[in-house]
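**Student:** sequence unavailable; structure follows:
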């Protein structure tokens, strides 16, 4: 159950492959996630978990990103994205897509240029 009040939370999807190691997640989060420091808090939690990747706003009002690292740390980040978020955010939905990635950035960063949406073919985290 989300800690955020104000209505029902739509079910989130989590497409975690069974039986294969996972080192990368792509995510998109809907709700009140812009202008509430959601990217900054995502960067903090990802850095604390020793994950690498990026997060950015989209022009549709969502937040998207990719994270690379330890499977257990990725699970913790996915849970945070789906159920916690920044203190003033409201999470209505969070889609988490588990993949394996061949590219790993050096750290976790906030990207400033708004994306139009997640486009797997343009990013580093691919299955």
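**Tutor:** Right, received. Where do you want to start? All of these numbers come straight from a predicted model, not from anything done at the bench.

**Student:** tell me which helix or strand of the chain sits lowest on mean pLDDT?
**Tutor:** strand 13-15 (a mean of 48; mean pLDDT, DSSP states H and E).

**Student:** following element in sequence after that strand, please.
**Tutor:** Note on strand 13-15: by DSSP states H and E, the next helix or strand toward the C-terminus is strand 24-32.

**Student:** so for that following strand, mean pLDDT?
**Tutor:** For strand 24-32, the mean per-residue pLDDT is 96.

**Student:** and what of stretch 81-92?
**Tutor:** Mean predicted lDDT for stretch 81-92 stands at 97.

**Student:** compute the first-to-last residue distance for it.
**Tutor:** Using C-alpha to C-alpha, to the nearest Å, the end-to-end distance of stretch 81-92 comes out at 11 Å.

**Student:** how many neighbours does residue 87 have?
**Tutor:** 11 (other C-beta atoms under 10 Å). For the C-beta atoms, the positions are set from N, CA and C on the backbone; glycine is no exception.

**Student:** which residues does the residue nearest the centre of the chain form beta bridges with?
**Tutor:** Nearest residue to the geometric centre of the chain (C-alpha atoms, centre = their mean): residue 27, 3.9 Å. Beta-bridge partners for residue 27, by DSSP bridges, are residue 65, residue 96.

**Student:** isn't it right up against residue 95?
**Tutor:** Yes. Residue 27 is within contact range of residue 95, at 6.6 Å (criterion: C-beta atoms under 8 Å).

**Student:** the lengthiest helix in the chain to strand 24-32, inter-axis angle?
**Tutor:** Ranked by residue count and defined by DSSP state H, the top helix of the chain is helix 71-83. Helix 71-83 and strand 24-32 are oriented at 10 degrees to each other (axes from the mean of the first three to the mean of the last three C-alpha atoms, to 10 degrees).

**Student:** what's helix 71-83 packed up against?
**Tutor:** strand 24-32, helix 38-48, strand 90-101 (3 or more C-beta pairs under 8 Å, 6 or more residues apart in numbering; DSSP states H and E).
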